[in-house]
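Asker: below are the sequence and a predicted model for it; my questions follow.
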Amino acid sequence: MIDIKTGNVRLDNGFEFGITTTVADLVGSEKVVDNGTYQTYALRGESLAGEAVALLFMFEQGVLQTVRFGCSAGQASWADVSADQTRKEKAQNDQLLMTLLKTKAPHKFSWGSIESTLDAKTGDASIILSYR
């Protein structure tokens, strides 16, 4: 669930995150980037609206700036990445946003924005929540 008034997201297990989320709230996460001012934490094996998702929480000076997540279209490794697979993930992400928002993204809100992206160069299909 995504609360469009606040930007809070509730995962299927009940964990809720949003603009006020701190690193301490991410129990069980893995730090994947730490270069002083910027830190990124990953939560894997989660689900949102019944879809399996992995999430990346990006902080600047301890303040949550961006959350990237997306549906997995079944790729097991980077060796499985293909243009068709990436397009399939993008379509799943778009459908997930339709389910959650009842309309197509991108959207701008008082708390930030949400969009579904496809980067054919890197093979990344993501839903991006940007706070502020």
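Answerer: Okay, I see it.

Asker: lowest average confidence, helix or strand, in this protein?
Answerer: helix 83-101 (a mean of 86; mean pLDDT, DSSP states H and E).

Asker: that one: which residues count as buried?
Answerer: 85-86, 88-90, 92-94, 96-97, 100 (16 or more other CB atoms under 10 Å). For every residue, glycine as well, the C-beta is placed using N, CA and C.

Asker: check contacts around the residue most central in space within the chain.
Answerer: Residue closest to the average C-alpha location in the chain (CA atoms, centre = their mean): residue 69, at 2.3 Å. Listed by CB atoms under 8 Å, 6 or more residues apart in numbering, the contact partners of residue 69 are 48, 53-56, 126-127.

Asker: can you tell me which of the residues you listed is nearest residue 35?
Answerer: Among the contacts of residue 69, residue 56 lies closest to residue 35 (CB to CB), at 14.7 Å.

Asker: can you tell me how far the closest residue to residue 117 other than its chain neighbours is from residue 5?
Answerer: In space, and not counting its chain neighbours, residue 117 is closest to residue 126: 5.4 Å by CB to CB, 6 or more residues apart in numbering. Here the criterion is CB to CB, to the nearest Å. By it, residue 126 lies 23 Å from residue 5.

Asker: give me the more crowded residue out of those two.
Answerer: Here residue 126 and residue 5 are set side by side on neighbour count (other CB atoms under 10 Å), and the busier one is residue 126, at 23 against 9.

Asker: does that one really touch residue 93, like I thought?
Answerer: Yes: using CB atoms under 8 Å, residue 126 is in contact with residue 93, at 7.0 Å.
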